[in-house]
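Peer 1: With the sequence up front, the predicted model follows.
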Amino acid sequence: MHPHRVRPARAFLLPAAVAVAALVLAACTPTASGETDAEGATPPSGSFPVSLDNCGFETEVEAPPERVVTIKSSTTEMLLALGLGDRIVGSAFLDGPVPDSLETVPAVEEPFAAEAPGSEATLELEPDLVYAGWESNLTAETAGDRETLAQLGVATYVSPAACKEEGYMPDPLTFDTVFDEIAEVGSLFGAEDAAARLVDEQRAALDAIEPDDRGLTALWWSSGDDTPYVGAGIGAPQMIMEAAGLTNVAADVHDTWTSLGWENVVEADPDVLVLVDAAWNPADAKIETLESSPATREMTAVKEERYVVVPFPATEAGVRNVDAVASVVEQLADLDL
């Protein structure tokens with residue numbers, strides 16, 4: 001999880017009526033036996049029910065989810081990339097605009113919550129699945145704890161890259177982990193063929209990238225002003241930088257992200273600064289901070305303006321990571337080194 005602008009909505013009691021709604025939705029869904037429903041819908045390509053061990057919690061769906069709430073950009077964009085945007089009845093806590101390469105839907109264009117949604121707002125949408133980017137999105141203080149939601153007939157799935165329990169947290173995160181999530185989500189929706197195609201496309205795009213070969217060092221600055229919050233040694237920043245040919249100066253910190261004092265940043269004096277561009281902490285503001293501080297403005301990367309910018313939604317594990325690698329490599333090629 002990346003701690004930024006988290007202001008959870010107030011928790012509410014979960015209405016029992018949602019359980020009835022979930023049962024009605026399940027009854028109208030194609031069956032695993034290959035029968036069509038009352039509307040003559042095409043049966044799913046996979047076999048159901050599907051049960052997954054997800055961050056130590058059993059996620060089970062009796063049939064492909066038809067009403068999905070997505071929390072975070074990574075989960076929303078995953079469904080859009082799989083052609084499942086029509087299943088999204090509400091999206092929340094988006095980190096930035098959807099890229100032009102993905103066809104969006106009204107529920108994404110108008111999120112029902114700007115930050116972590118509360119349980120009442122979530123359940124009003126009558127979802128049969130809540131797909132969350134972080135485990136903290138599914139608590140009593142946010143969209144509802146997983147056990148309670150399950151009792152109400154609402155399945156939950158958390159991006160495996162965000163799992164924190166021992167044995168579930170990727171160590172380190174790799175592109176195989178990202179691709180495995182695509183396949184798992186495909187299985188939940190009976191969309192295995194679409195998932196396989198997407199994985200093949202992403203693998204081919206990743207294989208086609210020629211990493212920078214100059215042995216450059218880099219610091220990934222994600223957020224924070226007084227103390228920068230940077231990419232450490234086992235998360236998405238490390239995965240992206242390594243694939244782009246960069247050596248992370250904070251790679252020896254065994255975590256996904258970490259706080260790093262400015263004195264340590266100045267001492268490391270990386271060749272390149274990777275700046276995360278977020279609405280709440282834009283890259284331009286980071287550059288202004290770097291160039292105005294007496295200490296940091298003497299760093300080599302600052303004096304030479306060696307900045308690489310990555311949009312925040314591409315920095316968490318998901319379908320935009322490969323594009324992030326390609327963008328970093330392209331920007332490195334344009335730098336005057």
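Peer 2: Nice, thanks for sending it over. Numbers count the residues shown, from 1 in each chain.
Peer 1: pLDDT-wise, which helix or strand of the protein ranks last?
Peer 2: helix 17-27 (a mean of 37; mean pLDDT, DSSP states H and E).
Peer 1: List the strands paired with the next helix or strand after it, with their directions.
Peer 2: Following helix 17-27 in sequence order, the next helix or strand is strand 50-54 (DSSP states H and E). If you go by DSSP bridges, strand 50-54 pairs up with strand 57-61 (antiparallel).
Peer 1: if we look at the strand it pairs with, which residues are touching it?
Peer 2: 48-53, 128-129, 146-147, 155-158, 188 (CB atoms under 8 Å, 6 or more residues apart in numbering). Using the backbone N, CA and C atoms, a C-beta is placed for each residue, glycine as well.
Peer 1: Between all of these, which two are at the greatest distance?
Peer 2: 48 and 147 (21.9 Å; CB to CB).
Peer 1: Same drill for the two, tell me which one is more crowded.
Peer 2: A side-by-side neighbour count of residue 48 and residue 147, using other CB atoms under 10 Å, places residue 48 first with 20 against 10.
Peer 1: can you give me the helices in the stretch 151-300 of the chain?
Peer 2: Ranges of helices in the stretch 151-300 of the chain, per DSSP state H, counting those that start in this stretch, are 175-188, 192-208, 236-244, 262-268, 283-292, 300-303.
Peer 1: okay if I get the ones you listed as JSON lines plus mean pLDDT, mean neighbour count and distance to residue 108?
Peer 2: Output for those, formatted as JSON lines (pLDDT from 0 to 100; neighbours: other CB atoms under 10 Å; distance: least, CB to CB, whole Å):
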{"stretch": "helix 175-188", "mean pLDDT": "98", "mean neighbour count": "19", "distance to residue 108": "16"}
{"stretch": "helix 192-208", "mean pLDDT": "98", "mean neighbour count": "15", "distance to residue 108": "18"}
{"stretch": "helix 236-244", "mean pLDDT": "98", "mean neighbour count": "25", "distance to residue 108": "22"}
{"stretch": "helix 262-268", "mean pLDDT": "97", "mean neighbour count": "15", "distance to residue 108": "36"}
{"stretch": "helix 283-292", "mean pLDDT": "97", "mean neighbour count": "16", "distance to residue 108": "24"}
{"stretch": "helix 300-303", "mean pLDDT": "97", "mean neighbour count": "16", "distance to residue 108": "36"}
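Peer 1: Next, format the ones you listed as TSV and append distance to residue 166.
Peer 2: Output for these, formatted as TSV (distance: least, CB to CB, whole Å):
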stretch	distance to residue 166
helix 175-188	16
helix 192-208	27
helix 236-244	19
helix 262-268	28
helix 283-292	34
helix 300-303	36
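Peer 1: got the buried residues for stretch 91-102?
Peer 2: Neighbour counts over stretch 91-102 (16 or more other CB atoms under 10 Å) mark 91, 92, 93, 94, 95, 98, 99, 102 as buried.
Peer 1: Pick the one among those residues closest to residue 137.
Peer 2: Of the buried residues of stretch 91-102, the one sitting nearest to residue 137 (CB to CB) turns out to be residue 93, at 7.0 Å.
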